[in-house]
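Novice: Mind looking at a prediction? Sequence and model below.
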Amino acid sequence: ARRGGLGYMLPGLTVYIIDRLLRMSRSSRTVKSATATAVGDEYTRLDFTGGFMAHRAGQYAYINIPAISLLQWHPFTISSTPGDDVTQMHIKDMGPGTFTHALRKIAEAGAGEPVEIEMFVDGPVGATNLHLGDYDAICLVAGGVGITPCASIVGDLMRTGAVMDTMRGKGDKPAPRVSLLWVLKDGRALAESLNLPTSRNAEESDFALGLASLDVQAFETRPTTDRSAPWARSSVQGWDFQQGRPDVWASIGQAIPASAKRPLLFACGPASFVKDAVYAAQKQRPNVLVHTETFEM
């Protein structure tokens, strides 16, 4: 019986070992430099250079940090803009006993300053298969840490890709109208850490020349009874945070005008939030193309 049980386990164990060996062989060198920085109360920002191929907006990569585990590899979305000198990931602490919690503890040792770490990377992998230059209205909806792919997409739209194609006069497609709706519990620290244009500072950016418009709305849902609290409505590096939950139906209806011929909804966040966004978009704009990803707040 003991032999039979081992024979049953061997195929799966062999596949697991081969997968780990292949992943380690492809990522047999550390990145040139890597740091972990504590952001706010529950996020960690990773900054690294080298050991990494050029990525596309919306892609992710597997990372291994030997100080946490020699064998564990975990996938995280790349939040930086393709072409940036430094690659970034923003990772939420999912609680005690998790890889993300161990990473957060390492970052906290720096007391707000970057902590140098050894890190291996396998990637980038995955792709949205979305040709952003095909759309005249792009509505990005993010819940919590679901902002990470949206941040990369906005940066890419403003720097290269669809915007640059439009500016070069390729085809007759108009410059895209871009809207971002971000809902989170308490996001000022995360917003400061993200290299993401806002409605305000985008007007001063040369990269914005190819956008018909960029509208960014951010809502904090942290409850309070003091409506005059400093965070009830505050600005952080161009972010204008509003207190409470947005009217998703109205926000999406405004972001995707009825005149849009090729609208896109990209929704990323908790499942219930994404479901509401998709419902609002499809009911109001039946011609909308929808792409969704599920993240926890």
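Specialist: Perfect, thanks for sending it.
Novice: So the residue nearest the centre of the chain, which state does it fall into?
Specialist: When the chain is reduced to its mean C-alpha position, the nearest residue by CA atoms, centre = their mean turns out to be residue 148, at 1.3 Å. Three-state call for residue 148 (DSSP: H, G, I helix; E, B strand; the rest coil): helix.
Novice: separation between it and residue 113?
Specialist: Residue 148 sits 22 Å away from residue 113 when distances are taken as CB to CB, to the nearest Å. Where C-beta positions appear, they are placed from N, C-alpha and C, glycine not excepted.
Novice: Might you list the low-confidence residue ranges for the chain?
Specialist: In the predicted model, the chain carries pLDDT under 70 at residues 1-30, 51-53, 127-128, 160-174, 187, 195-212, 223-240, 296-297.
Novice: at 50 instead, please
Specialist: For the chain, applying pLDDT under 50 flags the ranges 1-2, 27-28, 161-163, 166-168, 200-202, 206-209, 223-237.
Novice: can you map out the strands along it?
Specialist: 33-39, 43-49, 60-64, 74-77, 87-92, 115-116, 120-125, 137-143, 177-184, 213-220, 233-236, 239-243, 263-269, 289-294 (DSSP state E).
Novice: Now do the third one: everything it contacts.
Specialist: Going back to what we said before, that points to strand 60-64. Outside of strand 60-64, the residues within contact range by CB atoms under 8 Å, 6 or more residues apart in numbering are 23-24, 27, 46, 52, 55, 70-78, 89, 119-126.
Novice: returning to what we had before: what sits against the residue nearest to the centre of the chain?
Specialist: 76, 77, 78, 79, 89, 90, 268, 295.
Novice: Those: which two are farthest apart?
Specialist: By the measure CB to CB, 89 and 268 form the most distant pair in the contacts of residue 148, at 14.7 Å.
Novice: and these two? which has more neighbours close in?
Specialist: With other CB atoms under 10 Å as the criterion, residue 89 and residue 268 differ in neighbour count, and residue 268 comes out ahead with 26 against 20.
Novice: separation between residue 192 and residue 37?
Specialist: 11 Å.
Novice: Looking only at neighbour counts, state which of these two leads.
Specialist: residue 37 (19 against 12).
Novice: Hmm, that one is touching residue 110, no?
Specialist: Yes - with contacts counted by CB atoms under 8 Å, residue 37 reaches residue 110, the gap being 6.5 Å.
Novice: one step back: report the buried members of the contacts of strand 60-64.
Specialist: Members of the contacts of strand 60-64 that pass the buried threshold by neighbour count (16 or more other CB atoms under 10 Å) are listed as 23, 27, 46, 52, 55, 73-74, 76-78, 89, 119-124, 126.
Novice: gap between stretch 41-48 and the chain center?
Specialist: Here the centre of mass of C-alpha atoms in stretch 41-48, compared against the chain's by CA atoms, centre = their mean, to the nearest Å, lies 13 Å away.
Novice: I misspoke; the intended subject was stretch 108-128.
Specialist: Centroid displacement of stretch 108-128 relative to its chain, using CA atoms, centre = their mean, is 14 Å.
Novice: mind listing the helices for the stretch 151-297 of the chain?
Specialist: Counting by DSSP state H, counting those that start in this stretch, residue ranges of the helices within the stretch 151-297 of the chain are 161-167, 188-193, 199-202, 248-255, 271-284.
Novice: Out of these, which gets nearest to residue 263?
Specialist: Evaluated with CB to CB, the helices of the stretch 151-297 of the chain place helix 271-284 nearest to residue 263, the distance being 7.9 Å.
Novice: In this structure residue 262 contacts residue 136, no?
Specialist: Yes - under the criterion of CB under 8 Å, residue 262 makes contact with residue 136 at 5.1 Å.
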